[in-house]
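Trainee: could you work out the structure for the sequence below:
(2 chains)
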Amino acid sequence: MVTIEKSERLKILKTYKLYIGGEFPRTESGRYFSLKDADGNQIANVCSGSRKDFRNAMVVARTAFGKWSKRTAYNRSQIVYRIAEMLEARKNQFTDELTIQGVDKVKAEREVHEAIDLLIYYAGWADKYQQLFSSVNPVAASYFNFSLPEPTGVVSIIAPEENSLLGLVAMIAPVITGGNACVILASESKPLCAVTFGEVLNSSDVPGGVVNILTGSRKELLPQFSTHMDVNAVFYGAGIPEELKEIQMNAALNVKRVADSNVMHSGTGKEMQDPYLIMNFQETKTIWHPIGI
Amino acid sequence: MSKKNKLILNGKKKINRPKTNASLQKTSVSLPKTKGKQKPVINFKTDWQYASAPESISHIQLKKRYELFINGTFVAPDKPVYFDTINPATEQKIAEIAEAGESDVNKAVKAAADAQKYVWSKIPASERAKYLFRIARIIQEKSRELAVIETMDGGKPIRESRDIDIPLAAAHFFYYAGWADKLNYAVPGKTPQPLGVAGQIIPWNFPLLMAAWKIAPALATGNTVVLKPAETTSLTALKLAEIIQEADLPPGVVNIITGAGKTGSLIVNHPDINKIAFTGSTDVGKIIQRSLAGTAKKYTLELGGKAANIIFEDASIDQAVEGIVNGIFFNQGHVCCAGSRLFVQESVFDKVMRKLKDRMETLVVGDPLDKNTDIGAINSKAQWEKITKYQAIGLKEGGECYQSSCSVPSQGYWFRPTVFWNVSQASRIVQEEIFGPVLTVQTFRTVAEVVEKANNTPYGLSGGIWTDKGSKIFKMAGELRAGVIWANTFNKFDPTSPFGGYKESGVGREGGLHGLMPYLKY
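Mentor: The predicted structure follows:
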């Protein structure tokens, strides 16, 4: 337990729960794991999310996808910007949580700043990537023909162990900027910022269900995240080749798109800024119509 | 069978279409009596006759035996195994084709890898472009020969191979040629590089066109190719190999090796291949995706489909009926993006069905080399059996069925245009890809209902919308989860137009600007 100075009032400890459908339920399984600091002191009891939690999250994510994908690009842009505003206001809390989990203070501060800046970066893309990656196609007949990107659907995300805030934010941001919904598995060893980020999302006008955050065992949940038949794409950021291979094999069950990024667990915020990450979770739709009277 | 009715595909004999000849109809079923009181004015049996107009096959050049095209020359396979390619309209053997084994695949991949490393990546991009332009031109010059061979080998009507397959194949090379020295504009903010060797596996429904779809963007982006055509339709790919020789393309840049699934699997699993491009069934696509797990190979998969073709009551019904026919009966229905699930707004169901049946009666089924033919031969016996199986399933499931009453030749594999109605979302013929001239019809009342039904499939390749209301088109185009939407048209293709599916219909796009990305690292 965190030590209490004699003169201080008794601290209120935070209960870390899951974030599903805009609410903070405990895992339906009732399981937990104890998070300890480097000295072996108890930091928190963290929910050990289950397969059922994931399935519940998928149901609300699918529902949320329909509405989120139809929001205007300008609206999505403002909401992603709003996440950055909320994160900025609570940056000390995130720095503290990173520090408790063993991240050096200077590095923790930088990580929080980079996460905020990254959200600003993607907020700006929300109403621009469509222009950059769409086309009017000069077909050799009397048709008007154009192609535009559309969100793939529901994306399951495996966040990296390190960069437990920055990596998490850098994987969520391109996915939701592009109009997808997601279910994300937080860093197993450093899960605190993920849960607190759920609180940021909850106060940022992000509709419930667009982002759902689970904590728990990656080994246990990886198969659920990659075999569920309603998942359209998997985004893997933990950087372990065997795990990636397992995901890729499972993905073939229903031709899920698989994207992996090695910068998530070791890179800088700058390296995670890339519109092609948005495009990993977009489908190109082409529409034809005759020209005539 | 009377001598009079014998079909000979050398274009010298007239095709007879007997008025009734149930004994000739492999696909015959007992047709339910149509209850409709309105009878068509035209008697299609007597009024709808054409004199035969066969395309001559005298000018084509075919060898008796085709070897493997590796490193710029035709070489015999290490193990002398050959298989026959037959004309599905006559069941006659056309030529024999080499089957590539493991050592042959290794040679082809080595040739491609060396050519990429030492030749193709070294020559200026603008020169690469010139080779592609050359290939496009030679295809145009030989288009008549290629069209005839395509029709003989695959069974598709000469009208389609002549007007669609071959011109589009040439157009693909012409389009991608120009990209070769402009790739920096295609991937904004990045410096794109080729991947290396592309292994490409293509289907039997558009043999030369699919080869062009695959080879042209791969070469434009600086990759080299090992391509395997489908085993029932290798000939035009091998003719393309001759064209590639004639164009003086450096040896090894394109290697074309023939064989069946086993050869394909050797390509997919070859460690020195950097990219797999596959067009075919979703089942095989999944096997390939699984095989590629844990490798660094990039892939594009163009897989199956079960497209919804949606007719609203405010559509121009006559145009829509043409669209239905083109959607499902084009290329005998051997089209991954075929409009195989028709949704008709309830208020116009009777009218659409009456006009559709009338139109089906006018479709000319028979000799693919006849220029009047609308529907040619089913590509292979195996495919004919599959379609026939689904027809039986549809009848067993309680669907009502109508087939056009045309006669079909006694030799070859034929299937008359077929439509099922009174089917449900759960019917297998509604859910599963048949890949033949079999249409299912369902009705709907509201936009929400038809969106729900149309999207209720694991596939998401294409969709059709027929309405005179522009805002409804955009609403529907946005709601349909499919990669290609045809509004007031269907089954249109162009090299500049990206093609590819959502969900289990595939990964990635081919064609257009978007078709470059899957062949580049950036």
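Trainee: ok so residue B:419 is a strand residue?
Mentor: Yes: under DSSP: H, G, I helix; E, B strand; the rest coil, residue B:419 falls within a strand.
Trainee: could you report the pLDDT at it?
Mentor: At residue B:419, the pLDDT value in this model is 98.
Trainee: give the burial count for residue A:67, as a bare number.
Mentor: 12 (other Cβ atoms under 10 Å in any protein chain shown). The way it works is simple: take the backbone N, C-alpha and C, and place the C-beta from them, glycine included.
Trainee: so where does it fall, helix or strand?
Mentor: Using DSSP states H and E, residue A:67 falls within helix A:51-70.
Trainee: could you tell me how far that helix lies from the centre of the chain?
Mentor: 13 Å (Cα atoms, centre = their mean, to the nearest Å).
Trainee: and the next helix or strand after that helix, what's its mean pLDDT?
Mentor: Per DSSP H and E, the first helix or strand lying C-terminal to helix A:51-70 is helix A:73-89. Mean per-residue pLDDT for helix A:73-89: 98.
Trainee: got the buried residues for helix A:73-89?
Mentor: By neighbour count on 16 or more other Cβ atoms under 10 Å in any protein chain shown, the buried set for helix A:73-89 is A:73, A:76-88.
Trainee: so which elements touch it?
Mentor: helix A:105-125, helix A:166-177, helix A:192-202 (3 or more Cβ pairs under 8 Å, 6 or more residues apart in numbering or on different chains; DSSP states H and E).
Trainee: most tightly surrounded among the ones you listed?
Mentor: Ranked by mean neighbour count, the helices and strands packed on helix A:73-89 are led by helix A:166-177 with a mean of 28 (mean count of other Cβ atoms under 10 Å in any protein chain shown).
Trainee: contacts for the next helix or strand along the chain from it?
Mentor: Where DSSP H and E defines the elements, the next helix or strand beyond helix A:166-177 is strand A:181-185. Residues from elsewhere that reach strand A:181-185, judged by Cβ atoms under 8 Å, 6 or more residues apart in numbering or on different chains: A:49, A:54, A:57-58, A:61-62, A:64-65, A:68, A:153-159, A:168, A:171-172, A:175-176, A:194, A:209-216, A:218, A:221-222, A:225, A:235.
Trainee: who does strand A:181-185 pair up with?
Mentor: Paired neighbours of strand A:181-185 in the sheet (DSSP bridges): strand A:154-158 (parallel), strand A:211-214 (parallel).
Trainee: any stretches of chain B with poor pLDDT?
Mentor: Residue ranges of chain B with pLDDT under 70: B:1-42, B:44-45, B:48.
Trainee: could you chop it up by domain?
Mentor: Listed by automatic domain parsing, the domain ranges of chain B are B:16-49+B:305-487, B:65-303.
Trainee: for residue A:39, which of these is the nearest?
Mentor: domain B:65-303 (38.9 Å; Cβ to Cβ).
Trainee: distance between the closest one and the chain's centre?
Mentor: For domain B:65-303, the distance to the chain centre is 15 Å (Cα atoms, centre = their mean).
Trainee: what's the closest non-adjacent residue to the spatially most central residue of chain A?
Mentor: By Cα atoms, centre = their mean, chain A has its centre lying nearest to residue A:172, at 2.8 Å. Spatial nearest neighbour of residue A:172, chain neighbours left out: residue A:211 (5.8 Å); criterion: Cβ to Cβ, 6 or more residues apart in numbering or on different chains.
Trainee: cool, residue B:194 as well?
Mentor: Among residues not flanking residue B:194 along the chain, residue B:222 sits closest, at 3.4 Å (Cβ to Cβ, 6+ apart).
Trainee: kindly report the same for residue B:119.
Mentor: residue B:250 (4.7 Å).
Trainee: for the one you found, give me its contacts.
Mentor: Contacts for residue B:250 (Cβ under 8 Å, 6+ apart) come out as B:72, B:115, B:119-120, B:123.
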